[in-house]
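Colleague: Pasted the sequence and its predicted model underneath.
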Amino acid sequence: QDSTEVIITPKVKIVSSPTVPGTAGVPFKIKLNRGQSYSFEAEDWATTNICLGGTHITSNKKIAVTVSDDSIE
């Protein structure tokens with residue numbers, strides 16, 4: 001839906017957009033419109049196997065959250 005406000009509190013430091021600090025434990029807000037999506041990943045996932053488990057996500061309208069993990073070989 002248009003004007004969906006999503007608040008994300010990452011469990012670990014994330015890589016996102018230049019306008020989002022991505023600091024662990026610090027919530028940030030994004031605004032999405034119908035058909036838009038937002039993606040981010042753990043900053044040190046490749047070297048430390050740190051994952052986003054425990055990240056807290058809330059929104060003012062219904063959203064879907066998809067998780068992808070390549071740790072299974």
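Modeller: Great, that's in hand. Numbers count the residues shown, from 1 in each chain.
Colleague: What's the end-to-end length of stretch 9-25?
Modeller: 6 Å (CA to CA, to the nearest Å).
Colleague: what does stretch 33-51 give?
Modeller: 27 Å.
Colleague: next one: stretch 33-53
Modeller: 26 Å.
Colleague: how about low-confidence regions in the chain?
Modeller: Low-confidence segments of the chain, defined by pLDDT under 70: 45-49, 70-73.
Colleague: Contacts only, for the residue positioned nearest the centre of the chain.
Modeller: The residue lying closest to the centre of the chain (CA atoms, centre = their mean) is residue 40, at 4.9 Å. The contact partners of residue 40, by CB atoms under 8 Å, 6 or more residues apart in numbering, come to 8, 10, 14, 15, 16, 20, 22, 52. Quick note: C-beta positions are derived from backbone N, CA and C, even for glycine.
Colleague: What distance do you get for residue 32 to residue 12?
Modeller: Taking CB to CB, to the nearest Å as the measure, residue 32 falls 22 Å from residue 12.
Colleague: what's the first-to-last distance across stretch 8-22?
Modeller: In stretch 8-22, first residue to last residue: 9 Å (CA to CA).
Colleague: which one of residue 32 and residue 12 has more residues nearby?
Modeller: A direct count of neighbours by other CB atoms under 10 Å for residue 32 and residue 12 places residue 12 higher, at 20 against 17.
Colleague: right, and that one touches residue 24 too?
Modeller: Yes: counting by CB atoms under 8 Å, residue 12 touches residue 24, with 5.0 Å between them.
Colleague: sec struct for the nearest residue to residue 28 once chain neighbours are set aside, please.
Modeller: Closest residue to residue 28 in three dimensions, ignoring its sequence neighbours and counting by CB to CB, 6 or more residues apart in numbering: residue 20, at 5.4 Å. Recorded secondary structure, residue 20: coil (DSSP: H, G, I helix; E, B strand; the rest coil).
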